[in-house]
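> Next comes the sequence, and after it the predicted model I'd like to discuss.
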Amino acid sequence: MQLLVSGFLGIILAGAVLLWLPVSNQQPIAFIDAFFTSVSAVCVTGLVTIVPAAQFTLFGKVILLILIQVGGLGIIVCMTVFFMLLGKRITLRQRIYIQQTYNMDTLSGMVRLIRWVLKVTLVVEVMGAIGYAIRFVPLYGIGKGIWYSIFHSISAFCNAGIDILGDSSLAGYVTDPVINLVTMALIISGGLGFTVWSDILHVLKIRETYQRTPGRIFRQMSLQTKMTLVITGILIAAGGIGIFCLEYSNADTIGAMSNGDKLLASFFHAVSTRTAGFATVAQGGFRDATILFSCILMFIGGSPGGTAGGIKTTTAGMLLFSCVAVLRGGKDTECFGRKIAAENVRTGASIVMVAVLALLGGTILVAAAEPAMALGDIIYETTSAIGTVGLSTGITPMLSDFSKCVIMFLMYIGRLGPVTVVLAFVSRQDIGKKARKLPERRIMVG
């Protein structure tokens with residue numbers, strides 16, 4: 001845990017220094033803003049206090065892209081690749097970290113897994129760049145168009161949401177089906193998680209797979225894959241329809257569009273709130289109900305083992321099934337004909353509780369430091385930070401240095417996981433203390 005926490009911090013500091021250098025900037029930048037941008041890139045969030053397109057030189061943008069890619073893959077994967085390039089053996093501790101990251105059953109095949117992750121990342125990002133190039137090359141020329149395609153493909157797949165198009169993000173492409181669909185496909189691909197993709201491909205490779213119905217193929221998938229696919233589908237569908245209904249007549253967002261464009265913009269926002277952060281409509285124009293609805297989507301986020309943040313779809317689903325079990329009078333949490341381990345339920349509850357406490361604490365601190373800002377905008381900002389989303393109503397550049405530090409902390413624990421950060425500061429003696437059997441008592445709840 002300490003290696004993970006310190007490793008991310010080290011990359012953030014190095015990135016901040018590089019982004020602060022004169023060679024990276026077209027105009028002077030305060031170190032707090034360079035540090036904020038580095039945190040946002042490494043934590044694949046997307047909140048920025050400056051406009052990357054106008055602030056950074058080509059060198060600075062390349063550094064920014066490297067930070068996004070490293071943050072998306074994760075420090076453990078990047079360290080493993082570094083050792084592999086040097087020809088060194090992967091240590092047992094590194095294998096254990098990889099196993100825990102991708103929820104594997106054994107320690108064997110960890111190097112093969114990392115190679116597979118890199119291969120999938122490269123293939124998907126290249127395909128995304130080709131999709132973007134269909135629009136960007138005719139608009140910006142071959143050189144600039146290819147560069148824009150590569151940058152935004154990596155940013156979308158890593159769920160970073162940082163763009164180099166200007167201060168309007170993707171607003172100019174709100175009705176463009178190519179840009180919208182390519183971006184959504186990349187966001188969903190990165191947000192599902194490498195473990196889910198591995199399981200899906202494994203099931204599809206089985207010889208008799210193509211002779212079976214989709215239902216039978218689905219039943220052969222692992223429990224995590226089933227939960228991830230179902231909950232992701234529900235959140236995207238409910239999110240898109242919900243935003244479409246809430247914003248249908250809002251002239252500040254999608255009210256003036258055709259019904260087809262309204263649906264496209266609504267579903268894009270629903271997908272983007274899954275920790276991506278790209279925006280095709282002005283977030284500041286949303287109604288209060290849409291702001292709160294979006295906060296729920298941002299807090300849940302994507303799926304474990306991928307590039308997304310939030311408490312994760314599996315955590316939300318597991319706790320939902322746990323509530324259903326309690327309401328039905330059952331003792332076990334069941335899902336798709338399987339019993340979920342009680343340890344998983346406790347861990348999920350801990351993740352949600354720590355995340356809620358961090359979110360409430362961060363919101364209170366920012367609200368106290370920024371009394372002139374609307375509470376709804378602050379809640380949207382802090383939820384976006386801890387969910388590593390990157391969407392904002394436009395208040396990020398106006399935050400004080402203290403509030404920027406609070407947002408950076410939320411982005412940091414949102415990317416690493418709130419429980420991971422807490423465990424990194426707990427002594428080994430406390431973790432390894434021998435369990436004692438204590439008398440059991442019941443208390444009143446609810």
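Received it, and whenever you're ready, just let me know what you need.

> Secondary structure element for the spatially most central residue of the chain, which one?
The chain has residue 308 as the residue nearest its centroid, 2.4 Å off, counting by CA atoms, centre = their mean. Here residue 308, judged by DSSP states H and E, is contained in no helix and no strand.

> dump the residue contacts of it.
For residue 308, the contact set (CB atoms under 8 Å, 6 or more residues apart in numbering) comprises 159, 190-191, 193, 274-276, 301-302, 388. (C-beta placed from N, C-alpha, C; glycine too.)

> any idea how far the spatially closest residue to residue 401 that is not a sequence neighbour is from residue 177?
Closest residue in space to residue 401, ignoring its immediate chain neighbours: residue 32 at 5.4 Å, by CB to CB, 6 or more residues apart in numbering. Applying CB to CB, to the nearest Å, the value for residue 32 to residue 177 is 39 Å.

> Please apply the same query to residue 233.
Going from residue 233 to residue 177 by CB to CB gives 21 Å.

> before we move on, what about residue 383?
For residue 383, the distance to residue 177 - CB to CB - is 29 Å.

> Settle it for me: which of these two has more neighbours?
residue 383 (26 against 11; other CB atoms under 10 Å).

> Tell me who's in contact with that one.
Taking CB under 8 Å, 6+ apart, we find residue 383 in contact with 295, 298-299, 359, 389.

> Find the nearest non-adjacent residue to it, please.
residue 295 (4.4 Å).

> right, and the one you found touches residue 379 too?
Yes: here residue 295 reaches residue 379: they are 6.3 Å apart, a contact under CB atoms under 8 Å.

> ranges for the strands of the stretch 301-446 of the chain?
With DSSP state E, counting those that start in this stretch as the criterion, the stretch 301-446 of the chain has strands at 333-335, 338-340.

> For those strands, state which one has the densest average packing.
Counting by mean count of other CB atoms under 10 Å, strand 333-335 has the highest mean neighbour count of the strands of the stretch 301-446 of the chain, with a mean of 18.

> Tell me which strands that strand pairs with, and in which orientation.
Pairing partners of strand 333-335, with direction, according to DSSP bridges: strand 338-340 (antiparallel).

> avg pLDDT for the partner strand?
In this model, strand 338-340 has a mean pLDDT of 88.

> what's the offset of it from the middle of its chain?
26 Å (CA atoms, centre = their mean, to the nearest Å).

> Name the surrounding residues that touch it.
With CB under 8 Å, 6+ apart as the test, strand 338-340 has contacts from 223, 318, 321-322, 332-334.

> what does stretch 26-43 give?
Outside of stretch 26-43, the residues within contact range by CB under 8 Å, 6+ apart are 8, 11-13, 15-17, 19-20, 22, 45-50, 52, 54-57, 64, 67-68, 70-71, 160, 162, 309, 388, 390, 401, 404, 407-408, 411-412, 414-415.

> Are any of the residues you listed buried, and if so which?
Among those, those classed as buried by 16 or more other CB atoms under 10 Å are 8, 11-12, 15-16, 19-20, 45-50, 52, 55-56, 64, 67-68, 70-71, 160, 162, 309, 388, 390, 404, 407-408, 411-412, 414-415.

> hmm, back to that, same question for the host helix or strand of the residue nearest to residue 383: list its buried residues.
Per DSSP H and E: residue 295 is located in helix 288-300. Of the residues in helix 288-300, 290-291, 293-295, 297-300 count as buried by neighbour count, 16+ other CB under 10 Å.

> that older thread, look at the residue nearest to residue 401 and report its pLDDT.
97.

> which SS class is it?
Using DSSP: H, G, I helix; E, B strand; the rest coil, the structure places residue 32 in helix.

> out of the contacts of stretch 26-43, which are inside helices?
Assignment to helices by DSSP state H places the following of the contacts of stretch 26-43 there: 8, 11-13, 15-17, 19-20, 52, 54-55, 64, 67-68, 70-71, 401, 404, 407-408, 411-412, 414-415.

> want to throw the contacts of residue 308 into TSV with distance to residue 264 and pLDDT?
Listed next are these as TSV, based on distance: CB to CB, whole Å; pLDDT from 0 to 100:
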residue	distance to residue 264	pLDDT
159	20	92
190	20	90
191	19	89
193	26	85
274	16	83
275	20	82
276	16	87
301	22	90
302	21	88
388	24	92
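
> ok so, going back, generate TSV for the strands of the stretch 301-446 of the chain, with distance to residue 94 as supplementary columns.
As requested, these are exported to TSV (distance: least, CB to CB, whole Å):
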stretch	distance to residue 94
strand 333-335	32
strand 338-340	29
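
> Identify whichever of those lies nearest to residue 80.
Nearest to residue 80, of all the strands of the stretch 301-446 of the chain, is strand 338-340, at 29.8 Å by CB to CB.

> related to what we said a few turns ago, between helix 401-416 and the helix holding residue 295, find me the angle.
Helix 288-300 and helix 401-416 are oriented at 50 degrees to each other (axes from the mean of the first three to the mean of the last three CA atoms, to 10 degrees).
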